[in-house]
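[1] need a structure here:
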Amino acid sequence: MTTSNNAPRLKLWTPAIYRIEVDGRLQESWSDSLGGMRITRRIRKDHTVVTTLIGRLRDQSELTGVLNHLYDLHLPILSVSCISSESPNDE
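    As a prediction, this is how the structure comes out:
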């Protein structure tokens, strides 16, 4: 596995901003149940919907909770990426 020098350094307990994409439609009203993440949708050329969630989560435990909630909603997870981390890059 390779890592980029520009990738944020994460620890289990550090806050970070994440971008999660799922296959399917999720209404903006679910934001409170998903860590307050902003929810947007786009339609693919084949007319299927991809929902994107972006927001700050306080730690990896909260990220796991959001991912588990999406799983419980039967939404296939397409990608999860860390946009930025609030931890110093000193390790």
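
[2] which residues touch the closest residue to Leu78 other than its chain neighbours?
    Leaving aside its sequence neighbours, Leu78 sits nearest to Glu21 (CB to CB, 6 or more residues apart in numbering; 4.2 Å). For glycine as for every other residue, the C-beta is placed from the backbone atoms N, C-alpha and C. By CB atoms under 8 Å, 6 or more residues apart in numbering, Glu21 lies in contact with Val50, Thr51, Thr52, Leu53, Ile77, Leu78, Ser79, Val80.

[3] run through the bridge partners of the most centrally placed residue in the chain.
    Centroid-nearest residue in the chain, with CA atoms, centre = their mean: Ile20, separated by 3.1 Å. Beta-bridge pairing of Ile20 under DSSP bridges involves Leu53, Val80.

[4] separation between it and Ile43?
    18 Å (CB to CB, to the nearest Å).

[5] what of Ser33?
    Per CB to CB, Ser33 is found 23 Å from Ile43.

[6] again, but for Ile83
    Note on Ile83: its distance to Ile43, by CB to CB, is 23 Å.

[7] got the contact list for the residue nearest to the centre of the chain?
    Applying CB under 8 Å, 6+ apart, we find Ile20 in contact with Met37, Thr52, Leu53, Ile54, Val66, Leu67, Leu70, Ile77, Ser79, Val80, Ser81.

[8] only whichever of these are buried, select them in ChimeraX.
    Buried residues within those, by 16 or more other CB atoms under 10 Å, are selected in ChimeraX with:
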select :37,52,53,66,67,70
